[in-house]
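Enquirer: sequence and predicted model, in that order:
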Amino acid sequence: MKLCFRSRFRFRSRFRLFQQGIYKHTHPVKSYYRIALDITSPSIIPHECSFQINQAYKTQMVTLNMASNTRERFIKLVLKGCCHIASVMFYGNSKNADWIYEKMNRPVTYVHEALNVIYFAARKPKVHRIISLIVEPVFGCNLQCSYCWHSINHYFEHKSKRPRFMPLDLFKKIVDQAPASVESIAFALIGEPLLHPHIHTMITYARSKGIRTVLYTNGTLLTAQVMQNIAQSNPDVLVVSVEPDEANALKHRGVSLDVLKARIRAFKVIKPPGMEIKLSVVVHQDNMTEIKNIHKTWEGLVSHIKLSPMIRYNGTRAMGDCIEPWRGSLSILTNGDVSPCCVSAGYRSIIVGNLKDDTLDRIIHGPGLRGLLNDFIHKKRPEVCVRCRSFQGKHIPLRVPAITKNRSGNS
């Protein structure tokens with residue numbers, strides 16, 4: 001079939017511009033794809049010409065993908081550099097940089113967090129944006145670690161009123177009401193998340209809304225079936241809490257470190273390619289000398305090891321200006337209580353609202369959080385914050401980010 005004059009003119013003009021790389025006035029991928037559809041029909045142009053256009057299209061796609069990958073790698077490098085700077089500034093050590101990056105992958109999230117820090121420095125009783133949520137799916141654990149808050153009853157108020165499991169409907173309400181600025185949800189706090197019967201549904205639901213998910217576990221429940229379920233729900237990060245050596249694992253947790261290591265090794269075989277496996281180690285007096293060997297022990301099995309100093313409430317005066325309430329993170333307990341602090345979330349004095357009675361947006365902008373921030377500004381900290389102390393040691397990062405002249409000691 002012969003082409004009319006107008007069709008031949010349109011084809012030649014577009015093909016010439018296509019060869020010169022000029023005909024890409026809007027979105028490069030869509031423009032080239034549209035050209036390929038418009039002018040490669042067998043009824044319009046010869047087969048050999050169609051082949052040349054398709055080859056040029058494929059070459060351009062490869063070039064665009066390479067440029068995109070290079071740009072993404074550069075952005076990640078810059079963001080991780082920002083994490084190192086922030087870690088040194090607020091934790092006194094660069095070792096928490098990966099933990100910060102775990103929750104923040106989007107450049108806009110870093111902008112929100114920078115403004116949160118500016119609000120803190122300016123003593124403004126407001127958080128610019130909430131960037132992460134920590135959800136407590138389970139209040140309770142299958143272990144009774146000697147240093148864990150759950151095993152020390154006097155650390156918690158109104159313990160009997162706290163339900164064991166967070167209802168699935170409440171969790172979906174949290175995800176549905178999460179601000180667009182929220183990038184990640186961590187399943188953690190005071191309990192073992194894998195005890196929840198719907199934990200994998202929770203992870204899947206959060207991911208379906210475009211939210212990064214971080215699952216914490218003590219690793220003892222990683223049976224073959226549970227591993228398969230985790231692989232299917234596909235959290236972005238799996239964090240396993242361990243002791244650095246076998247002796248402390250048996251003494252403080254009653255579990256074998258070798259057994260945990262074998263389970264993590266087995267899970268690594270079946271995990272999705274993009275999922276990271278990390279460790280979290282509670283640093284205390286007994287295991288401090290073993291910390292230096294932990295990276296060698298777990299080499300090749302995990303991508304990062306986070307050191308988390310043990311918390312105790314035995315101080316007598318405030319240690320400095322804590323930035324935690326301004327950090328843009330909210331902890332939500334099984335009963336719907338909301339707190340801006342993950343360390344002291346079990347205390348009523350820093351609860352700023354409840355999701356059973358209110359919406360997340362109203363809690364974020366409500367009088368509870370604003371009043372707590374005002375108290376911090378005017379040095380009227382809750383008693384639990386005055387007494388809060390984290391274990392200190394050489395090369396051990398701070399547990400609670402603070403701007404303070406005195407970073408050590410249990411005064």
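Expert: Arrived safely.
Enquirer: any idea how far Leu373 is from Cys385?
Expert: Computed as CB to CB, to the nearest Å, the Leu373 to Cys385 distance reads 12 Å. Placement of C-beta: from N, CA and C, glycine included.
Enquirer: who has more neighbours, the two?
Expert: Cys385 (24 against 21; other CB atoms under 10 Å).
Enquirer: what about the more buried one, which helix or strand?
Expert: helix 383-387 (DSSP states H and E).
Enquirer: after that helix, heading C-terminal, what element do we hit next?
Expert: strand 388-390.
Enquirer: list the buried ones in that next one?
Expert: The neighbour-count check on strand 388-390 (16 or more other CB atoms under 10 Å) flags Cys388, Arg389, Ser390 as buried.
Enquirer: one step back: dump the helix holding Cys385 to PDB, restricted to CA.
Expert: Extracted C-alpha coordinates of helix 383-387, given in PDB (Å, rounded to 0.1, in the frame of the first residue of the first chain):
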ATOM      1  CA  GLU A 383      10.100  12.500  85.800                       C
ATOM      2  CA  VAL A 384      10.800   9.600  83.500                       C
ATOM      3  CA  CYS A 385      12.800  11.800  81.200                       C
ATOM      4  CA  VAL A 386      14.800  13.200  84.200                       C
ATOM      5  CA  ARG A 387      15.700   9.700  85.300                       C
END
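Enquirer: elements contacting it?
Expert: Helix 383-387 sits against no helix or strand, with contacts defined as 3 or more CB pairs under 8 Å, 6 or more residues apart in numbering; DSSP states H and E.
Enquirer: buried stuff in that helix?
Expert: By 16+ other CB under 10 Å, the buried positions in helix 383-387 come out as Val384, Cys385, Arg387.
Enquirer: can you map out the strands along the stretch 101-250 of the chain?
Expert: Assigned by DSSP state E, counting those that start in this stretch, the strands in the stretch 101-250 of the chain fall at 132-135, 184-187, 212-217, 237-242.
Enquirer: where do the strands sit along the stretch 301-411 of the chain?
Expert: Using DSSP E, counting those that start in this stretch, strands in the stretch 301-411 of the chain cover 304-309, 311-313, 321-322, 329-332, 337-339, 353-354, 388-390, 402-403.
Enquirer: and the third one, what's its mean pLDDT?
Expert: Yep, that's strand 321-322 we're talking about. For strand 321-322, the mean pLDDT works out to 77.
Enquirer: which strands or helices does that strand pack on?
Expert: strand 402-403.
Enquirer: now do Ser256 against Ser132, distance only.
Expert: 33 Å.
Enquirer: okay, stretch 241-259 in PDB with CA atoms only?
Expert: Extracted C-alpha coordinates of stretch 241-259, given in PDB (Å, rounded to 0.1, in the frame of the first residue of the first chain):
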ATOM      1  CA  SER A 241      18.300  -8.700  68.400                       C
ATOM      2  CA  VAL A 242      21.200 -10.800  69.700                       C
ATOM      3  CA  GLU A 243      24.000 -11.000  72.300                       C
ATOM      4  CA  PRO A 244      27.500 -10.700  70.900                       C
ATOM      5  CA  ASP A 245      28.700 -14.100  72.300                       C
ATOM      6  CA  GLU A 246      27.400 -17.500  73.300                       C
ATOM      7  CA  ALA A 247      28.000 -17.100  77.100                       C
ATOM      8  CA  ASN A 248      26.000 -13.800  77.400                       C
ATOM      9  CA  ALA A 249      23.300 -15.200  75.100                       C
ATOM     10  CA  LEU A 250      22.700 -18.200  77.500                       C
ATOM     11  CA  LYS A 251      23.100 -16.000  80.600                       C
ATOM     12  CA  HIS A 252      20.800 -13.100  79.700                       C
ATOM     13  CA  ARG A 253      18.400 -14.600  77.200                       C
ATOM     14  CA  GLY A 254      18.500 -18.300  77.700                       C
ATOM     15  CA  VAL A 255      19.000 -19.000  74.000                       C
ATOM     16  CA  SER A 256      21.900 -20.400  72.000                       C
ATOM     17  CA  LEU A 257      23.700 -17.900  69.700                       C
ATOM     18  CA  ASP A 258      24.700 -20.700  67.400                       C
ATOM     19  CA  VAL A 259      21.100 -21.700  66.900                       C
END
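Enquirer: okay, now the unreliable bits of this structure?
Expert: Residue ranges of the chain with pLDDT under 70: 1-69, 71-104, 149-161, 315-320, 345-349, 392-411.
Enquirer: output the longest strand belonging to it.
Expert: For the chain, the longest strand by residue count, based on DSSP state E, is strand 276-283.
Enquirer: given it, what are its sheet partners and their directions?
Expert: Strand 276-283 has the following strand partners under DSSP bridges: strand 237-242 (parallel), strand 304-309 (parallel).
Enquirer: roughly how far apart are Val302 and Arg212?
Expert: Using CB to CB, Val302 is found at 18 Å from Arg212.
Enquirer: swap in Asn293?
Expert: From Asn293 across to Arg212, the span is 31 Å (CB to CB).
Enquirer: those two: which is more packed in?
Expert: Arg212 (20 against 11).
Enquirer: run a quick neighbour tally on the nearest residue to that one once chain neighbours are set aside.
Expert: Of all residues not flanking Arg212 in the chain, Ser184 sits nearest, at 4.0 Å (CB to CB, 6 or more residues apart in numbering). Neighbourhood size, Ser184 [other CB under 10 Å]: 22.
Enquirer: Ser184 touches Ile211, doesn't it?
Expert: Yes: using CB atoms under 8 Å, Ser184 is in contact with Ile211, at 6.5 Å.
Enquirer: any shared contact partners between those two?
Expert: Jointly contacting Ser184 and Ile211 under the rule CB atoms under 8 Å, 6 or more residues apart in numbering is no residue at all.
Enquirer: give me the residues contacting stretch 242-255.
Expert: Contacts to stretch 242-255, defined as CB under 8 Å, 6+ apart, come from residues 143-147, 218-220, 256-258, 260, 279-282, 284, 286-287, 290-291, 293-294, 297.
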